[in-house]
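> 3D model of this:
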Amino acid sequence: MHNARDTGAARLDDPWYDALASGWGEPDDTDSRPRCASPPAAEEVYTEVHGSAAFQEVRRRYRRFVFPAAAAFLIWYLVYVVAATTAPSLMARPVVGVLNVAMVAGLAQFVTTFLLTWGYARHARLRRDRVALELRWVTQEMMRGQGR
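Coordinates of the predicted model:
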């Protein structure tokens, strides 16, 4: 059953939820004590994170999956299009009943799209998400001026 009071409520055990980013838990500026040094500028943090080994590893893992997968899918699609235009007799050959080679290959395009999407999500979850999340926390600490 749907409870209207629960809509939009973030779970505190969610690893992507950041209480400080939402404004909770941040100190209010009502005290008169002097502030610490200001946090670094976003450009400095970006440059430092961009050059870090963790960021380069995330990018390398991303490229090692995406470039070959995209190339394989584009080649598969181009083979289908070229075969459909240059070999109509091959594509019209019956496979089972009224299904011919062109229909099977066209449906296989959809299947490979879903498989590629599943493979990408699995690869991201197993190979990149944890490192990216750790990098996110490090970056947020750097923006607050707490770490380096």
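> OK, contacts around the closest residue to Ala102 other than its chain neighbours?
Using C-beta to C-beta, 6 or more residues apart in numbering and skipping residues adjacent in sequence, the residue nearest Ala102 is Met91, 3.8 Å away. C-beta here means a position set from N, CA and C on the backbone, and glycine is covered the same way. Neighbouring residues of Met91 by C-beta atoms under 8 Å, 6 or more residues apart in numbering: 83-84, 100-102, 105.
> Give me the buried entries from the residues you listed.
100-102, 105 (16 or more other C-beta atoms under 10 Å).
> With secondary structure and distance to Met142 added, can I get these in TSV?
As requested, the buried ones among the contacts of Met91 are arranged in TSV below (DSSP: H, G, I helix; E, B strand; the rest coil; distance: C-beta to C-beta, whole Å):
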residue	secondary structure	distance to Met142
Asn100	strand	59
Val101	helix	56
Ala102	helix	55
Ala105	helix	51
